[in-house]
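**Q** coordinates only, sequence not included:
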């Protein structure tokens with residue numbers, strides 16, 4: 001395809017695409033009729049639609065690093081549009097690409113994109129500086145290096161399978177990347193990170209989805225004056241858990257993922273056929289429907305705002321599972337969410353919940369819990385940082401991502417009461433514990449936990 005002529009106008013358009021489920025931000029940068037895509041999600045269609053709407057052509061796809069928390073469509077976009085993929089030479093990418101490191105530049109109309117090596121979150125992280133036709137910095141796309149109110153966590157590449165990089169070494173690199181590279185940019189430079197609030201790639205991310213260098217210098221705890229040793233200590237404390245799927249996605253992204261729609265079409269839909277025994281069942285229906293009837297041993301991961309994150313936290317990357325929902329639309333939705341983390345190949349079968357659902361879950365007597373909490377074995381499945389503020393005295397803390405492996409630690413001489421912070425996780429937790437301890441009485445406190453949290457505060 002011959003290149004489309006670029007506009008002589010100096011205007012540039014930056015379009016942010018935000019996926020709330022993964023708290024992931026990707027970008028299209030358009031100058032005239034040329035577009036560069038930065039850190040695309042698994043579904044490439046929104047980027048194609050953007051280019052079509054502006055009668056523009058995608059000429060570049062830039063990966064700031066091999067992402068851990070979602071699967072990127074960089075290879076698929078390149079194959080579809082003949083765009084060039086750009087990433088750091090340190091990635092060791094297995095797909096066709098051009099290296100993009102300190103000093104490298106990419107023309108986009110009459111603007112330029114400059115590579116800046118900013119290791120810290122990963123050893124191969126880069127940031128992308130947008131320079132206008134007057135050689136002024138307009139924006140920086142910081143990937144997982146600098147967030148609004150935070151910096152990327154440095155503890156995701158310790159496993160030998162993803163490089164064996166010690167967290168302290170990466171934290172030291174993050175200190176130097178922020179101080180020597182990003183903090184020296186003009187204060188007016190807009191900051192566009194790859195993640196927003198709720199991302200597990202950071203810990204205190206702001207609700208704002210963009211910022212400026214000046215604002216971050218003033219308000220971001222990680223950019224305040226401190227020694228390198230102080231920075232490392234502050235950065236490493238209270239980082240959230242690492243979901244089971246993170247290393248798996250780094251490896252997929254280094255190779256380049258297959259087509260999103262083709263992968264979804266390949267998912268088996270066995271209809272009402274008998275399920276193979278011993279294979280995990282993920283039931284994505286609402287908790288009330290699950291409690292009223294479900295298959296023995298099923299785990300209730302309700303389709304909600306964070307379905308894909310919790311799926312990849314509870315289920316390992318090598319586990320096969322059935323996926324159940326209560327309508328075809330709901331089933332299609334959770335299959336697509338599963339593919340966003342590269343788990344679509346793990347689906348043994350996607351099917352509608354059968355009519356015969358022999359297991360039920362008992363309702364909890366909230367008043368009995370309020371009057372006599374000591375009559376229950378209470379399991380707090382919030383994360384360790386959350387559980388530092390207990391709701392019940394003497395609760396056993398086992399975070400949801402650890403629950404399948406640690407359910408045997410729970411005493412069963414009293415009814416087992418599961419709670420989280422809002423009710424979503426406890427539905428999953430109660431189903432996991434019931435499957436692991438079939439003789440026990442397992443209760444889900446659900447959304448009633450909010451009443452107890454208010455009482456604990458007062």
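**A** Yep, that arrived. Computed from a predicted structure; not experimentally measured.

**Q** tell me the mean pLDDT for stretch 434-447?
**A** Confidence over stretch 434-447 (mean pLDDT, whole number) is 95.

**Q** list the buried residues of it.
**A** Using 16 or more other CB atoms under 10 Å as the test for burial, stretch 434-447 gives 434-437, 440, 442-446. C-beta: built from backbone N, CA, C; applies to glycine.

**Q** what do you get for stretch 169-176?
**A** By 16+ other CB under 10 Å, the buried positions in stretch 169-176 come out as 169-175.

**Q** on that earlier part again, could you dump the buried residues of stretch 434-447 to a markdown table with distance to residue 94?
**A** Listed next are the buried residues of stretch 434-447 as a markdown table, based on distance: CB to CB, whole Å:
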| residue | distance to residue 94 |
| --- | --- |
| 434 | 43 |
| 435 | 38 |
| 436 | 39 |
| 437 | 44 |
| 440 | 47 |
| 442 | 45 |
| 443 | 49 |
| 444 | 44 |
| 445 | 47 |
| 446 | 45 |
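
**Q** quick one: those as JSON lines, columns for secondary structure and distance to residue 196 too.
**A** Written out in JSON lines, the entries for those read as follows (DSSP: H, G, I helix; E, B strand; the rest coil; distance: CB to CB, whole Å):
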{"residue": "434", "secondary structure": "helix", "distance to residue 196": "35"}
{"residue": "435", "secondary structure": "helix", "distance to residue 196": "34"}
{"residue": "436", "secondary structure": "helix", "distance to residue 196": "34"}
{"residue": "437", "secondary structure": "coil", "distance to residue 196": "38"}
{"residue": "440", "secondary structure": "coil", "distance to residue 196": "39"}
{"residue": "442", "secondary structure": "strand", "distance to residue 196": "35"}
{"residue": "443", "secondary structure": "strand", "distance to residue 196": "35"}
{"residue": "444", "secondary structure": "strand", "distance to residue 196": "30"}
{"residue": "445", "secondary structure": "coil", "distance to residue 196": "29"}
{"residue": "446", "secondary structure": "helix", "distance to residue 196": "27"}
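
**Q** inside helices: which ones of the buried residues of stretch 169-176?
**A** For those, membership in helices holds for 169-175, with DSSP state H as the criterion.

**Q** and residue 117, bridged to which residues?
**A** residue 126 (DSSP bridges).

**Q** quick one, what contacts it?
**A** By CB atoms under 8 Å, 6 or more residues apart in numbering, residue 117 lies in contact with 88, 90, 101-102, 125-126, 177, 181.

**Q** just the buried residues of the residues you listed.
**A** When the contacts of residue 117 are checked for burial by 16+ other CB under 10 Å, the buried set is 88, 90, 125-126, 177, 181.

**Q** so, low pLDDT: which residues of the stretch 251-400 of the chain?
**A** Within the stretch 251-400 of the chain, the stretches with pLDDT under 70 are 273.

**Q** tell me where it has strands.
**A** Taking DSSP state E, counting those that start in this stretch as the criterion, the stretch 251-400 of the chain contains strands spanning 280-283, 299-300, 321-325, 347-352, 377-380, 396-397.

**Q** which SSE is immediately downstream of the last one?
**A** It refers to strand 396-397. Of the helices and strands lying after strand 396-397 in sequence (DSSP states H and E), the nearest is helix 400-406.

**Q** just checking, what packs against that next one?
**A** Secondary structure elements in contact with helix 400-406, counted by 3 or more CB pairs under 8 Å, 6 or more residues apart in numbering; DSSP states H and E, are helix 307-314, helix 424-436.

**Q** packing partners for the first one?
**A** Using 3+ CB pairs under 8 Å, 6+ apart as the contact criterion, the elements in contact with helix 307-314 are helix 328-340, helix 400-406, helix 424-436.

**Q** now the ones you listed in CSV, with distance to residue 80?
**A** Converted to CSV, those look like this (distance: least, CB to CB, whole Å):
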stretch, distance to residue 80
helix 328-340, 17
helix 400-406, 35
helix 424-436, 36
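
**Q** state the distance from residue 330 to residue 432.
**A** The spacing between residue 330 and residue 432, counted by CB to CB, to the nearest Å, is 21 Å.
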